[in-house]
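Chemist: Curious how this folds, go ahead:
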Amino acid sequence: MTAREPEAAPVSEADATRERPRRGLPNPSGDERKSKAIERALAQEEGRYRLRDLKRAHAREAKHYVNCPLDYDTKMRLQKAGFDNDIKMTVIIKAAIDQFLRDNGY
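Modeler: Take a look at the predicted model:
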């Protein structure tokens with residue numbers, strides 16, 4: 001069995017050539033278009049400035065890594081302290097370095 005498609009209604013020539021009234025949006029004047037374009041450009045420029053400032057702030061706060069070798073026992077103690085206190089090893093190291101520098105006047 002095949003499904004039947006509904007038959008299209010015949011279109012007369014009069015219907016096909018008849019113009020339909022257009023109900024489009026009103027065209028803004030040249031001044032309105034210019035002012036909208038200026039507003040849009042200013043908003044985009046402001047967005048670019050905000051993004052640039054955000055990137056600069058992020059770069060100022062960027063992390064600077066220090067690579068230092070630890071002996072096995074020190075590393076195991078650090079790992080155990082981090083696990084027991086539920087804190088990352090990097091936080092412990094950072095706090096220890098900060099304390100050392102404050103105690104020595106840096």
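Chemist: contacts, neighbours, all on C-alpha from now
Modeler: Fine.
Chemist: Low-confidence stretches in the chain?
Modeler: 1-24 (pLDDT under 70).
Chemist: what do you get if the cut-off is 90, keeping everything else the same?
Modeler: 1-34, 55-67 (pLDDT under 90).
Chemist: Domains in it, by residue range?
Modeler: 29-62, 63-106 (automatic domain parsing).
Chemist: could I get the ones you listed as a markdown table with mean neighbour count?
Modeler: What follows is the domains of the chain, written out as a markdown table (neighbours: other Cα atoms under 10 Å):
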| stretch | mean neighbour count |
| --- | --- |
| domain 29-62 | 11 |
| domain 63-106 | 11 |
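Chemist: how close does residue 99 get to residue 63?
Modeler: 19 Å (Cα to Cα, to the nearest Å).
Chemist: hey, where'd the helices end up in this structure?
Modeler: 13-17, 30-60, 72-84, 89-103 (DSSP state H).
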